[in-house]
Structures are given as C-alpha cells and as structure tokens.
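>>> any chance you can model this:
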Amino acid sequence: MKNLVLVDCKKMNSFKNLKSLDGRNFILTILLFIATVVSGYSQNSRLMDVNDFLKKSNTEVTKLQGYLTNLNPSVYLVNEVITKKTEKSSCLYTDVKSVKSINTIGLDTKSIEFVSIKINSKNEIVSPIDLSFFSQFPNLKYIVLEFEFEVSQSEAQKSISKASENQSVLYKVEIQS
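Down below sits the predicted model:
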C-alpha cells in the first residue's frame, strides 16, 4: 500500500488544478486518464461493420465470406429450440432470445467457428447481449449481429457486452422487405 496515491477529486476540476499536484501524482493522474480514454476507445471499436471487415484483403476475409455466402454444417436455434442441426456444425444461427439458453441445449462448442445472432427489433434488446458465454467456444472466430432494422455502429455497440478479445464481433443491417 506504500505506492497507493489518492487524488482529491476537487483538485481535478480543471487542468490548472492538476498542476498543483506534486509531480508523481500529476504523472499518475495523466496516465490514468490516458488509460481510461484508450480502453474506452478500444471497447467502442470492438464492433465492426461486416462490409468494413470484408474490405480487408487477407485469409480471414475469405473465411468470413465463406460463412456468409456458402452452405455450411449448421445448428439453428430459434426461440430456445433447435430447429435444424447437422453433424459437426461449424455455424450457429440463433436469435436474441435463445442466446441465454445455448449452454443448456448440449451443443458441441468445439466445432463452432461462426455465430450469427438475429435481432428482429429494438424491443428485443432490453439489456445488452452478454457475449461472455461465447468465450467457451475454443474455435469461434466470428460473432455477427444481424439487425433487421436500421442501427448505427454506436447503437449496435451498446447492444452487446463482454465480448472476447479472441473473436471478431461484427454487425450488419439486413432489413427484410
């Protein structure tokens, strides 16, 4: 506890008051500020539009395009019920309501590399979708949020929480006509 530095919030009201802190406290305060800004920025930039991701030219793009456009062995979980399942499924298609029940259906998480979560309306997102469960999928590379209504990147970002660093979290808007 010897190195613990407490900063009086009243002294932090302006940059001018930061100068009154001794040198060590000033430097720690600035580093804390920078860390907060950087971590906030990285959390906000975690979610990327699918089309922006596809503009990159690498093998990850080719793999994602394969999941988005080709037929792959898949599991379909709708309204908390498996409606279709193939052996050694590499893709999981689900809806917001079913995300919480994924761990109770006995799904083989080892083979899943792609997850698509369909969000039909803003009313379905009462609280952010907790993506932490997907960290238990050892080979999962992509989580795609498929919005069926107009949504901005910041709105899409607010709809998720606890995404894993090891997975690309993407979103797209697909309004059915």
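
>>> from here on, just use CA atoms for contacts and neighbour counts.
OK.

>>> for the protein, which spans come out with low pLDDT?
Applying pLDDT under 70 to the chain flags residues 1-45, 57.

>>> in it, which spans are strands?
Secondary structure of the chain (DSSP state E): strands at 47-49, 74-78, 81-85, 91-95, 114-119, 129-130, 142-147, 160-161, 168-173.

>>> just the endpoints, please. Distance across stretch 155-175?
16 Å (C-alpha to C-alpha, to the nearest Å).

>>> relative to Lys85, how far out is Leu54?
From Leu54 over to Lys85 (counting by C-alpha to C-alpha), the distance is 28 Å.

>>> cool, and Val169?
For Val169, the distance to Lys85 - C-alpha to C-alpha - is 23 Å.

>>> roughly how far apart are the closest residue to Thr109 other than its chain neighbours and Glu150?
Using C-alpha to C-alpha, 6 or more residues apart in numbering and skipping the chain neighbours, the partner closest in space to Thr109 is Phe137 (5.1 Å). Relative to Glu150, Phe137 is positioned 29 Å away (C-alpha to C-alpha).

>>> likewise for Ile175?
Ile175 is 8 Å from Glu150, by C-alpha to C-alpha.

>>> just give the number of residues close to the closest residue to Phe133 other than its chain neighbours.
Nearest residue to Phe133, sequence neighbours excluded (C-alpha to C-alpha, 6+ apart): Asn103, at 8.0 Å. Per other C-alpha atoms under 10 Å, the neighbour tally for Asn103 reads 14.

>>> Leu140 contacts Ile112, doesn't it?
Yes: using C-alpha atoms under 8 Å, Leu140 is in contact with Ile112, at 5.7 Å.

>>> so the residue nearest to Val169 when sequence neighbours are not counted bridges to which residues?
Take Val169 and drop its neighbours on the chain: the residue closest to it by C-alpha to C-alpha, 6+ apart is Ile143, 4.8 Å away. For Ile143, the beta-bridge partners are Val115, Val169 (DSSP bridges).

>>> contacts only, for Ile143.
114-117, 167-170 (C-alpha atoms under 8 Å, 6 or more residues apart in numbering).

>>> now do 7 Å
114-116, 168-170 (C-alpha atoms under 7 Å, 6 or more residues apart in numbering).

>>> now do Ser111
Per C-alpha under 7 Å, 6+ apart, neighbours of Ser111: 88-90, 139.

>>> hmm, Ile175 is touching Glu146, no?
No: look at Ile175 against Glu146 with C-alpha atoms under 7 Å: they stay out of range, at 9.3 Å.

>>> quick one, which of the two is more surrounded?
Neighbour count, other C-alpha under 10 Å: between Ile175 and Glu146, Glu146 has more, with 20 against 11.
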